[in-house]
Each structure stands twice: as structure tokens, then as C-alpha cells.
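Colleague: the amino acid sequence is not available; the structure is as follows:
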């Protein structure tokens, strides 16, 4: 049974499901329904219920990746949606042994998923403001060990024989010929773009630069509700971006 | 640079993109275009091009998870589609530290993705024929270290305080009250079902058994082609299954 | 060339595309950009441009069905979406010779489309408040000649040998056995419902009451934008209702 | 009650729902299950059941538009799908009073729907082989009274002040400036294209030629099944074409 230690970050969940992330220290958490002394929680097992000074119950939970992303990641540039991150992970066949190169880092949302799964992520962000925020986010999530983040363009990224490259940046059709040599032969690429005309150019650039198995797709999720009757929600997210996947055969192919 | 060793499995890719998985040993690979002596490949770096006896080129590549799944996993029961596996990974927030419980194992396709990412997967399959095939698949993919596979019902699964549970089996609404106690407080569940009436019952069972943040969704992918014009393919996969995600707050909630 | 007559309703369109429906009479239309004397327009051809007192141009147009629906139909109960009306028209094979029965009338939005196309529409609405609003809407759109609207339940509707029946009301599974005899043999039915569990019961009721060719579907439209890049809009209408279509073979089938 | 006359075309429906269209004359219909003397049917009401010489029952039905399209329309070029025809009808606001111009005629499938609803359809087809087949189809469906079909390019079409124009042909961006003057001010256009890059050019051409309210959309239908469980069919029609709708404000706008 895992118990809370001094300095831990814990997630408080109130009975309505609302969540609050707090660091355990010599201080108090002032909720809307009274005070919880954080110091008193040290040594209690995760999953415990604690009472506030006004006798309201909170559950204390060890925050997981989704909690940390929701509570600690400061948003800047548009992040890649969870559904598209899922497709990237499975279409690139990522595992704990994967070494991947990413550009651009953006808010480091995708980076955080990759860094929580893969052996090594090298991520490049050219814009200084984005890089600064991304650096803070990677540190806040405790992912420095697996993530090498750099304020450089992706062509200058160190390393070679990457298992996979992920591009989410402008002018990808110009970048592909410059970075494909960093992939190992048989490695895979994922290219994300909001616009269909951009993805059209990406498909052509991949075919001209030694890639095979080019797949161009989009993913839609629809949420449903179960109340008096069962039906999809009226509004859905109709579009985030297009994804192009391909496999690298080398420049001589 | 990684070189081929005796006993390695390597992937051969012909110029059309067709792939063949072979074990390196004292034997030959008889292709449609002549013979390759496998023994001669030992010591060559992965990514090399080799010629057959009739001078046709093959590229030799270290197989990745997707190659192994495509070439070595013997299919039995219906597998969960890659798009839905992606959603499961990101909605459960799975990382290299996750400990998860799965039922049923089926062909071990989802199991293989989970076992390649997570610290530990305990997977249960009641049907003996499926269990036998799944065991062979897990062994063939070299995932025994991370996957504990058992021919038992999920209620009898060992362990507790799981980070996540994934259910893909009949009568999930009856199983949920029996297995939810194996989740840690704050842990997450994913329930996959082909039919909407089944998912309706799952939503209700989750709400009655201490889960919050119940999300009921489906995912559609559409592939596009870029030929003379750019357009979605005429036919698409319109449905695989519905997914319900939720978070466990404990039975007293 | 069609010219404006006293008493005509005309549509004014300003340069931004904003529209205003006005009746031509001895009065003025006070726009945000000056006054137009409506009387002066008599005898001018439709399609003319007129100037306000402050020299701003408006185009005057004969309102079409969509203008009348947008400007004159008072909304009450939820209307059926244009995409679903289109499916109803084409799946029922409606023409200028069709005689159709509809329940319930609701706001008479679908009724207005049907009444503009078909020879005769008999429409039933049980709720008095809806019936009153629907009656006003049908009159306002000038469709009394083709639409027979009644404040009765659909089982009491006059007439038989209908070419088609359209149901958009609660408890359709109970109504189907009571109204199917009003269809001619070979006639068609469309049943609209927001909830999937409702449509499940409708499919069964149709199969048990002499219908063949049961088709159960939903329709999604996605709008795109063409600005700096071409992409679907972020949000889309994910759901309106499910439609079930079938063909009646008689109660002895 | 409508009875069968000599020369009528009637639809026979067997107990499995299979349909056969036959002309009533001094002859017999040899089914897989015995013979029906067509002459004997004269004077019987539509909806009757008839027995074959081997005592199998067929229902005889007056064919409706959908039967005639399914049984008598000879297919040539790709037809517009029923779902897209529905959108065209409702987005153009077509009624029994509408006068519309169509190019190209193709197999006359859309033409037949339009000709069954609208006051007048002028349809142009440049390819002689398509024109010949379309002419036969329009005649076979008995739509000559409402459809004026011509083997000319749409720019040469007679008439003006059309309520609506529908384009389904190549190079629409070049045609739009040449035909938009045939629309009445306030009239509407629908442009159908399989490819997104084509529709991008159409949107721009419409905006440059006096159109407002440009809407660019696609429509997806998904069919469901109700067997042991309720679920969408695995495969769906993922794409037919993109539709662009707009309203004409005149060339001076």
C-alpha cells in the first residue's frame, strides 16, 4: 500500500468529481467547504478519504498522467487531441524501447505522452516562447529523464537511427527531405496537419523521399449520453487534424 | 549501429513494400525472385540491402511491434482495432509505470500493445482455445516478462490496486461490480463493446458501482487518397465498437 | 420578368447578406441605414437594387421556400433538420403526385417542405398549443391548398391508401400497428426518433406489422471552410435523429 | 381504389421482398415459381395478391419513383447518391413551382428526382453517349413533360431567371462565371464534386462571381442493424462527393 510522503503531489476529488492538485507540505488547502491540513496527510495511504474542518469529505488520490496533464501543463499553442495521440502511438507501434524525434514541441502535451511511454524523446521547438513553456511543462511533469528538449530546428536535432519521427509544424513538405535521413531504415513517420491541402503536399513529399505504406486519415470521435434515451450528443468535435503515416525505406529506394 | 545476430528475426521488404519475416539461421529464404542465404546476413547492419541469387534487392529491417503483430500474431477472436487501442492508451493515461488488468485476452492483440508499454499486464481468458492461442502469441512476441496470462475468470485475477482495468467480454454489467474493487481508488476503467445496448448497461453499472467521469464514445477513422484529386475513400470502417471510460472512487462513494 | 405587386412580400438583402422580409404596402421600411418607401417599389422587377434615404443599396428578391421558412415560421417544438428532410423525400420517393400522412405536425417545418412538393399532406398534431402554432405557420407560408392539418391523433386521420406515412412523435412502436393499414400496399414509411433505443423498437414493430426493406440509418453533415487552408469546421452537428424506412406489404404478409 | 389497366406497368413483390416490374399485356410472367397470366390482372385493384400456376403468392403494386429508378433507369456515369439529392432538394428549397437548370445530365438519376418535383427542369449533357442513355431513361420514366433535355453545353442552355442551377461536371470553376447570369437574382446554386481540391476552387469561383451564403459540406450516412444487439454496420459509405451551395446576388454585387 502506497502512502503519502512529504512533498508528494496529491489529487483531491470532491463528491461531485471536481479535482484539485496540491503539494503535501506544512500548509493547508482551503477548499470551498473548509480547510484540510496537508501536513496531517503524511503517512496516510493514497485512496483515503479526508474530512475538511466543516466535515466535508474529499478523496485523496495519486495523480496519474491525465491528472498531471490537466492540472500542471500550461497551455500555449494548440495541443494534439488525445484521439490523435492514440493513433500516433499505435500506428508508429511505439513501445518502451522506442527512440523518437518530435517537432515542434508546442505545449509539450504530445511530448508528455511520448515521454511517459518511450525510452527517449528528442523534441525540437524553434519558437523561444513555446520552448520556454514546454520546458517548464516537461519539468513540472517530471519527464526530464526521458525527454531531451531543445530550442533548435529539427534538422539540427542530434542523433540518428530514430525509430519514429513526428512532425506537427508548418511547411512539413520542405522539412521531410531534410529529416528523413535521421530515421532508421524501416522507421516510421507521423505528420499532423489541420488542413487538407497541407496533407496533400505531405503525401507527395513522402512518396518522393523514400517512404512506402503512406496512409492519410482523419479520426472522428462522437460522445453519447444515456439519460431518458440513449443518443449521441448533439454537437461533436468534427475536426482536429489530418494524420499521414508512412514507413521509411531509405533515400535510394 | 545494430547488426544482425544468429537467431534474430529480420523483416525483408521487397521493392513493392511486401514484407517477409524470417529467422536468421543456417538456412535460405526462397523468395519469388531467387534465394537469399540467411547465414550470410549475420554481422550485417539492419537497414542493409541484400541481393537474391537472381540479383533482386531486398531491404532487411529489424521488425517493430507492428511487424511482429502482423507477422507472428495468429488471429482467433475479433481483435480490437488500432484506433480503439489508441483511445484506450490515452484515456487510461497509460505509461511505463502502469499496472493493468485485462479481460478477456482474446488473440492478445490489445495485450501485446499494453505489454509493450506498461510495467505489468495481468490478462485473463476463460475460453481454453483462446487462452492457448493467446499464450502462443504472447510468447512469439517475447512479452512474457511484462504479461501474466491466465486461463481464469477475471474475478479470480490476482493482485489489487490496479491502475486500470480493461474489459472486452460479454455481460460486462455483471462483471463490473465483481472486479471494481481490484482498482485503486482513482484508477480508471475502459469497457469495449460492439453493441450500443450493451454499452448502455455498462454506463448504468459504472454509475451504480462508484465510478465518476463516465464517458461513452465511439471513434471513426476515414482514409483519404491523393491521386488525380484528393478525396476520402468511398468505403470506410463505419463501426468497430463503443468505448466507455470511467474513474473509480471506491464503493463507498 | 416578374414585377412587384401591392401586397407582395419581398426579401431585402443588404450588402453583407443580411435579409429582411417585408410586405409591400403604403409604408416604409426603416433600415439601419435609412428609409425605403415600400410603395415606390410597386412595378419594379424582382432582382432590382433600391437605395435607402442615405444612399445605401438593398437588393429586392422574391422570397423562396427557404426564406419563408427562415422568416415566417415561428418555432415551437424541435424541427427536423434539412438533411433529414432530404432523406425522407428521397427515401420515400416523394413526387408531385404523392399523398402523405404525417404525425406529429410540430412546428410544421417538415410539413411545409412536404406541402411544397406533394399533391396532398394530411398532418395530425394532438397537442393544442403545437397545433395552433402549426396552423399559423401553414397559413403564413400559403400552403393551405395542399396541407390538411388537424388537431387529432393520427389513428383518427381521414383517408386511406396513402403513398407514405411519416412519424415523428413518442411511442411510435404503439402507433405503427394502428396506422399501417392507412398505407396502400407497397407504400412507404419513415420514422424519426432522437434516441437509438426508440428506433430499435420501431424496427421490431415494423417487422411484426407487415413491412419489408427495413432500413435504419443516421445522417451526419460536416461543413468545411476555405480560408488560409481548407479544413472541416472544428465543431459539427453530431446528431439530430435516427431514421427508419420501410415498405408496407399488408397485414397478411 | 385504383385498378390495373391494359398497358400499365406493375411491380410484383415475392414473399422475400424481391421485385419484378412487368407491363400488363396479352402475355405471361414466367417466375421462378410458375406462371402468372398478365392479361388476367386487368381490372384487379393494385395491392392484390396473385397466385402463380404453382400456387405461390405475389403482391402486385403500382411502381413508385424509387421502383422506376431501380428497374427502368439504365446506369451509365456515376449517379448522385440519394442522400446528396435530398440535400440538393432542401438546400435549394425546391418546390412544385421551381424552374431549374442542370448540367450534366449523366444517367438522369438526379434529373428524374428533380423532374418529379419541379415545374420544369432544363438539363444539358455534352457527351453524346450519356445524352442518348439519359434521353431513354427520361422517356422510360415518363418525365418528358417536365424535363427538357439537350445535347448541348450548359452555357448554351435556353432560358433565364432560373430558380436554381445544379452543376455536376468537370471544371466547374470555369463554368460558374459563364452560367451564373442565367440565375434570377436571389436564385441558388448547388455544385457537386467528388474531390476536395475541386470544391476549394468552386468556393473561390462562387465568391468571385456574385454569390453569397457559400456553404461547403459533405454528408455521411451510416446504416444500423438490429439483431442480437444493436450496432452500426461494420462498413459504411465513407464518401460520395462534396456539395457547395450558394445564393446569387448578381454580377454587380
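Modeller: Received it, and whenever you're ready, just let me know what you need. Since the model is a prediction, treat every value here as computed from it, not as a measurement.
Colleague: now do the helices in chain A.
Modeller: Counting by DSSP state H, chain A has helices at residues A:65-72, A:82-91, A:109-117, A:128-140, A:172-179, A:196-208.
Colleague: what angle separates the fifth one from helix A:196-208?
Modeller: Direction vectors for helix A:172-179 and helix A:196-208, defined by axes from the mean of the first three to the mean of the last three C-alpha atoms, to 10 degrees, enclose an angle of 30 degrees.
Colleague: against which helices or strands is helix A:172-179 packed?
Modeller: In terms of contacts (3 or more C-beta pairs under 8 Å, 6 or more residues apart in numbering or on different chains; DSSP states H and E), helix A:172-179 is packed against strand A:99-103, strand A:162-167, strand A:183-193, helix A:196-208. Every C-beta, even on glycine, is put in place using the N, C-alpha and C of the backbone.
Colleague: list the contacts of the residue in the stretch 51-200 of chain A that chain D sits nearest to.
Modeller: Using C-beta to the nearest C-beta, residue A:196 is the residue of the stretch 51-200 of chain A that sits closest to chain D, at 5.6 Å. Residue A:196 makes contact with A:242, B:224, B:230, C:229, C:230, C:231, D:196, according to C-beta atoms under 8 Å, 6 or more residues apart in numbering or on different chains.
Colleague: just flag the most distant two among the residues you listed.
Modeller: With C-beta to C-beta as the measure, no two of these lie farther apart than B:224 and C:229, at 15.0 Å.
Colleague: now do the same contact list for the residue of chain A positioned farthest from its centre.
Modeller: Residue distances from the centre of chain A (C-alpha atoms, centre = their mean) peak at residue A:54, which lies 37.8 Å from the mean C-alpha position. Neighbouring residues of residue A:54 by C-beta under 8 Å, 6+ apart: A:33, A:34.
Colleague: phi, psi of it?
Modeller: phi -110, psi 20 (degrees, to the nearest 10).
Colleague: read off the pLDDT value for it.
Modeller: According to the prediction, residue A:54 has pLDDT 91.
Colleague: and what of residue A:40?
Modeller: Residue A:40 is assigned 86 on the pLDDT scale.
Colleague: what about it, distance to residue A:46?
Modeller: 15 Å (C-beta to C-beta, to the nearest Å).
Colleague: quick one: which of residue B:224 and residue C:229 has more around it?
Modeller: Between residue B:224 and residue C:229, counted using other C-beta atoms under 10 Å in any protein chain shown, the more crowded position is residue B:224 (22 against 14).
Colleague: circling back to that earlier point, between residue A:40 and residue A:46, which is the more surrounded one?
Modeller: For residue A:40 versus residue A:46, the count of surrounding residues by other C-beta under 10 Å is larger for residue A:46: 21 against 11.
Colleague: leaving out sequence neighbours, find the closest residue to that one.
Modeller: Leaving aside its chain neighbours, residue A:46 sits nearest to residue A:62 (4.5 Å; criterion: C-beta to C-beta, 6 or more residues apart in numbering or on different chains).
Colleague: that neighbour reaches residue A:10, doesn't it?
Modeller: Yes - between residue A:62 and residue A:10 there is a contact under C-beta atoms under 8 Å: 6.8 Å.
Colleague: okay if I get the helices and strands packed on helix A:172-179 as JSON lines plus mean pLDDT?
Modeller: Output for the helices and strands packed on helix A:172-179, formatted as JSON lines (pLDDT from 0 to 100):
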{"stretch": "strand A:99-103", "mean pLDDT": "98"}
{"stretch": "strand A:162-167", "mean pLDDT": "98"}
{"stretch": "strand A:183-193", "mean pLDDT": "97"}
{"stretch": "helix A:196-208", "mean pLDDT": "96"}
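Colleague: quick one: buried residues of whichever strand in chain A runs longest?
Modeller: Determined from DSSP state E, the single longest strand within chain A is strand A:211-226. For strand A:211-226, burial by neighbour count (16 or more other C-beta atoms under 10 Å in any protein chain shown) applies to A:211-212, A:214, A:216-222, A:224-226.
Colleague: ok, now which ones touch residue A:24?
Modeller: Residue A:24 touches A:4, A:5, A:6, A:7, A:8, A:9, A:10, A:38, A:39, A:41, A:42, counting by C-beta under 8 Å, 6+ apart.
Colleague: re the thing from before, overlap of the contact sets of residue A:62 and residue A:10?
Modeller: Counting by C-beta under 8 Å, 6+ apart, the shared contacts of residue A:62 and residue A:10 are residue A:46.
Colleague: who has more neighbours out of these two?
Modeller: Neighbour comparison, residue A:62 and residue A:10: the larger count goes to residue A:10, with 25 against 19 (by other C-beta under 10 Å).
Colleague: touching, that one and residue A:2? I think so.
Modeller: No - between residue A:10 and residue A:2 there is no contact, the gap being 11.0 Å when judged by C-beta under 8 Å.
Colleague: gap between residue A:143 and residue A:49?
Modeller: 30 Å.
Colleague: among those two, which residue is more densely surrounded?
Modeller: Neighbours were tallied for residue A:143 and for residue A:49 using other C-beta under 10 Å; the higher tally belongs to residue A:143 (22 against 15).
Colleague: separation between residue A:3 and residue A:41?
Modeller: 9 Å.
Colleague: between those two, who's got more neighbours?
Modeller: A count of neighbours by other C-beta under 10 Å puts residue A:41 above the other of residue A:3 and residue A:41, at 22 against 12.
Colleague: contacting residues for the nearest residue to the more buried one once chain neighbours are set aside?
Modeller: For residue A:41, ignoring the flanking residues on the chain, the nearest one in space by C-beta to C-beta, 6+ apart is residue A:4 at 5.2 Å. For residue A:4, the contact set (C-beta under 8 Å, 6+ apart) comprises A:10, A:24, A:41, A:42, A:43, A:44, A:45, A:46, A:60.
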